[in-house]
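A.B. asks: Mind folding the following:
(one chain, ligands or ions: 1)
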Amino acid sequence: MNPSLSALKPYPFERLRALLAHSQPNPQLALIGLQIGEPRHPAPAFIEQALIKHMRGLGHYPLTAGIPELRQSIAEWVTRRFKLPNDSINADTMILPVNGTREALFSFVQAVVDRSEPAAVLMPNPFYQIYEGAALLAGAEPVFLNTTAATQYLPDLESISAETWKRCQILFLCSPGNPTGAVMSLDYFKRALELADQYDFVIASDECYSDIYLNEENPPTGLIQTAIACGRTDLSRCMAFYSLSKRSSVPGLRSGFVAGDPKLIKPFLLYRTYHGCAMPPPTQQASLLAWNDESHVSENRKLYQAKFAAMIPILQPVLNISAPDAGFYLWPYVGDDEHFTRELYEQSSVMVLPGRYLSRQTHQGDPGKGHVRLSLTASIDECRLAAERIRTYIESKSFKPF
Ligand SMILES: Cc1ncc(COP(=O)(O)O)c(C=O)c1O
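C.D. replies: As a prediction, this is how the structure comes out:
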């Protein structure tokens with residue numbers, strides 16, 4: 001077997017299962033799960049209907065590049081979403097459909113990393129676990145960039161040494177961030193692009209939460225928007241990842257896309273052709289409609305906004321939290337995150353995820369330790385009830401997180 005497989009770390013939910021293996025939830029209270037970032041709002045009916053309508057497409061092999069109509073609707077979405085000049089995005093050379101961002105984040109690293117040189121893949125810490133696994137299986141060294149309150153929950157690009165930048169082949173950015181909800185500004189992306197030019201690396205910008213934000217007047221910016229704003233019309237060194245999973249609440253559809261530099265898209269398409277990850281025809285048809293429609297996304301976003309509005313006032317007296325810029329997570333500091341998670345489960349039947357399961361220890365410490373991630377994917381009533389139970393639990397303790 002590939003020896004790199006043994007370098008993969010246990011997935012956070014495996015660690016959570018182990019933590020709670022000998023615990024029981026409070027038998028008097030129904031269990032509320034806030035641990036997993038799986039969207040649970042109902043899937044839009046028009047997406048389900050499109051899948052059924054195009055079921056006969058199962059009778060032929062799809063092209064890895066997807067049908068031109070899908071790439072076109074995606075290119076138009078990128079143009080609308082980021083207010084780009086018309087014709088900024090070439091649907092044939094700058095867009096590739098993928099089966100959800102998870103597989104694309106993983107396979108992109110396999111396609112890009114040059115193993116003949118010492119390779120580092122830089123990523124935020126805490127982070128989406130696939131970044132690390134992808135780096136390890138590509139034979140690269142994962143380098144963790146701590147994101148804390150002191151760095152506004154963004155990697156501090158200026159703190160990275162020239163020696164590390166020289167080894168960097170891919171810089172992962174995640175905006176809106178999971179778990180912090182922090183959003184990168186245009187200037188932040190601009191600086192990342194300057195460094196990419198200086199040190200010759202690629203930016204992989206995971207923007208799968210880009211349509212889940214709290215302020216309707218201020219949708220998060222992104223890497224492609226920045227590149228175009230800077231006159232970088234060839235999108236050189238850029239690859240951005242988008243998904244229908246969160247935007248349309250269809251995590252089971254497995255549908256997303258990458259947008260970026262044609263010089264990266266072309267070899268990535270070749271890699272994907274061999275890898276065998278073309279999107280099934282009914283999924284392509286349903287996805288096309290989903291990228292064309294914003295009303296279901298706006299409804300979806302409102303549900304998350306209502307949950308933040310319901311939970312934050314309940315939790316604020318006992319936790320140091322405020323609404324994030326975007327995403328659907330809260331990331332409060334709670335002291336001992338594993339102890340908090342276990343006791344909350346046993347006493348209040350609420351399941352959360354210890355922050356340390358999403359982060360790694362570095363010389364600057366472990367930025368996940370002491371936090372828990374609350375995923376606002378349960379119903380609004382459950383979210384409100386969970387917030388009340390968390391408050392009661394903390395009020396019953398002599399220790400207060402702040
Ligand atoms: C930061 C981040 N990136 C990517 C993904 C993968 O999403 P999908 O594969 O459904 O597009 C997730 C899922 O939770 C995520 O949190």
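
A.B. asks: ok, the spatially closest residue to Gln305 that is not a sequence neighbour - how many residues close by?
C.D. replies: Of all residues not flanking Gln305 in the chain, Leu214 sits nearest, at 5.7 Å (C-beta to C-beta, 6 or more residues apart in numbering). For glycine as for every other residue, the C-beta is placed from the backbone atoms N, C-alpha and C. Neighbour count of Leu214, defined by other C-beta atoms under 10 Å: 18.

A.B. asks: Confirm for me that Leu214 is in contact with Phe308.
C.D. replies: Yes: counting by C-beta atoms under 8 Å, Leu214 touches Phe308, with 6.3 Å between them.

A.B. asks: Now for these two: what residues contact both?
C.D. replies: Residues touching both Leu214 and Phe308 (C-beta atoms under 8 Å, 6 or more residues apart in numbering): Ala323, Pro324.

A.B. asks: Near Gln364, how many other residues are there?
C.D. replies: 14.

A.B. asks: Identify the residue nearest it in space, chain neighbours excluded?
C.D. replies: According to C-beta to C-beta, 6+ apart, the nearest residue to Gln364 is Asn146 (5.2 Å).

A.B. asks: Quick check: that neighbour touching Asn125?
C.D. replies: Yes: the criterion here is C-beta under 8 Å, and Asn146 meets it with Asn125 at 5.1 Å.

A.B. asks: Low-confidence stretches in the stretch 201-350 of the chain?
C.D. replies: Nowhere does the stretch 201-350 of the chain drop to pLDDT under 70.

A.B. asks: would you list every one of the strands in it?
C.D. replies: 202-206, 238-243, 256-260, 329-330, 350-351 (DSSP state E, counting those that start in this stretch).

A.B. asks: can you list these in TSV and add mean neighbour count?
C.D. replies: Shown next, in TSV, are the strands of the stretch 201-350 of the chain (neighbours: other C-beta atoms under 10 Å):
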stretch	mean neighbour count
strand 202-206	26
strand 238-243	27
strand 256-260	27
strand 329-330	26
strand 350-351	24
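
A.B. asks: Now distance to Ala162 too, for those strands, in JSON lines please.
C.D. replies: Listed next are these as JSON lines, based on distance: least, C-beta to C-beta, whole Å:
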{"stretch": "strand 202-206", "distance to Ala162": "18"}
{"stretch": "strand 238-243", "distance to Ala162": "22"}
{"stretch": "strand 256-260", "distance to Ala162": "26"}
{"stretch": "strand 329-330", "distance to Ala162": "34"}
{"stretch": "strand 350-351", "distance to Ala162": "44"}
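
A.B. asks: And these: which comes nearest the ligand?
C.D. replies: Checking the strands of the stretch 201-350 of the chain against the ligand by C-beta to the nearest ligand atom gives strand 238-243 as the closest, at 3.1 Å.
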